[in-house]
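[1] could you look at this predicted model? Sequence included:
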Amino acid sequence: MVAVQGKVVVVTGGRRGLGAALVDEVLARGARKVYSTGRSAFTDDRSEVVPHALEVQSADSVAALADLARDADIVISNAGILLPGRLLTGDFADITETFDVNVFGPLRVARAFAPILAANGGGALVNVHSVLSWLSGAGAYGASKAAIWSVTNSLRAELEAQHTQVVGVHVAFIDTDMTTGFEAPKATPAYVARRIIDGLEDGAIEVLADQLTVDVKAALSGPVEKLHYDISA
């Protein structure tokens, strides 16, 4: 388990939505410094926050962040995109970008920060997945979240020797710009952020942030055809 008090935290996609709530939450728990990233340059008036432009599709951009944040103890990969479209009929460029951001982006971050976390005592790596990791019907987005779930599980095994706590977060709909237009119950970003950091500090390796996610996880041993949620419906 990793306590946030006095630690240095990196939050990708920290400019808005769940990322912004995560920045607020770790600051409330006494984080010493927070590197908060967005796809373009932005400002933050809080002295503990270091805003930084990051493009997770670029290895050079990720390397520049890692070079800046060599004091990091906790890295939260939250940056992601949702580009609607089915696998057979959607724009293939959108599918490619979805995987590059949602899967290879967090992997680039993990590869860049693993030696930094090791040098700083192990720390923690947190990857944000989705309940749609386990459900069909969400096109490339769901497939990408299934892939990053698998990546996180493998990273956990690879980082065990350096004592890095690896946390996978699964959550259903959150009330953010990304889910505008979806008619479904939505948790607040603050609530989900609190659940994530509670899990981190309790030593969890997986956080199920809401009841729907708990129910879907419990159904994984059942018939696969029942694991379906069409987000285009």
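    Received, thanks.
[2] strands of this protein, start to end?
    8-11, 33-38, 49-53, 74-77, 124-128, 165-170, 206-208 (DSSP state E).
[3] can you list the strands that the fifth one pairs with?
    Applying DSSP bridges, strand 124-128 is found paired with strand 74-77 (parallel), strand 165-170 (parallel).
[4] tell me how far it lies from the chain's centre.
    On the basis of C-alpha atoms, centre = their mean, to the nearest Å, strand 124-128 sits 6 Å off its chain's mean C-alpha point.
[5] and if you look at the fourth one?
    Counting by C-alpha atoms, centre = their mean, strand 74-77 is centred 8 Å from the centre of its parent chain.
[6] can you list the neighbours in contact with it?
    2, 4, 7-12, 19, 22, 26, 56, 105-106, 109-110, 113, 117, 123-128, 196, 200 (C-beta atoms under 8 Å, 6 or more residues apart in numbering). Every C-beta, even on glycine, is put in place using the N, C-alpha and C of the backbone.
[7] what of the fifth one?
    For strand 124-128, the external contacting residues (C-beta under 8 Å, 6+ apart) are 2, 18, 73-78, 80, 106, 110, 113-114, 117, 148, 151-152, 155, 159, 164-169, 171, 196, 200.
[8] please name the residues that touch A72.
    Here A72 is in contact with V8, V9, V10, Y35, F113, I116, L117, N120, G123 (C-beta under 8 Å, 6+ apart).
[9] who touches the last one in this structure?
    Remark: with contacts taken as C-beta under 8 Å, 6+ apart, G123 is in contact with V2, K7, A72, D73, I74, V75, L117, T164, Q165.
[10] same thing with R195?
    If you count contacts by C-beta under 8 Å, 6+ apart, then R195 has V207, A209 around it.
[11] give me the number of residues near the residue lying closest to L107 once chain neighbours are set aside?
    Leaving out its chain neighbours, the residue that sits closest to L107 by C-beta to C-beta, 6 or more residues apart in numbering is V151, at 5.7 Å. Look at V151: counted by other C-beta atoms under 10 Å, it has 18 neighbours.
[12] V151 contacts P106, doesn't it?
    Yes. Contact criterion C-beta atoms under 8 Å: V151 and P106 qualify, at 7.0 Å.
[13] now the nearest residue to K7 once chain neighbours are set aside: how far from G139?
    Closest residue to K7 apart from its sequence neighbours, by C-beta to C-beta, 6+ apart: D73 at 4.1 Å. D73 sits 36 Å away from G139, taking C-beta to C-beta, to the nearest Å as the criterion.
[14] do V214 as well
    Relative to G139, and taking C-beta to C-beta, V214 is found at 24 Å.
[15] any idea how far A193 is from H163?
    25 Å.
[16] out of the strands paired with strand 124-128, which is the most enclosed?
    With neighbours taken as mean count of other C-beta atoms under 10 Å, those reach their highest mean count in strand 74-77, at a mean of 28.
[17] send me that strand as CSV with only the CA atoms.
    Only the C-alpha atoms of strand 74-77 are listed here, as CSV (Å, rounded to 0.1, in the frame of the first residue of the first chain):
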residue,chain,number,x,y,z
ILE,A,74,2.8,7.5,-7.8
VAL,A,75,1.9,7.5,-11.5
ILE,A,76,-1.8,7.5,-12.5
SER,A,77,-2.5,6.9,-16.2
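[18] of the contacts of A72, grab the buried ones for ChimeraX.
    Buried residues within those, by 16 or more other C-beta atoms under 10 Å, are selected in ChimeraX with:
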select :8,9,10,35,113,116,117,120,123
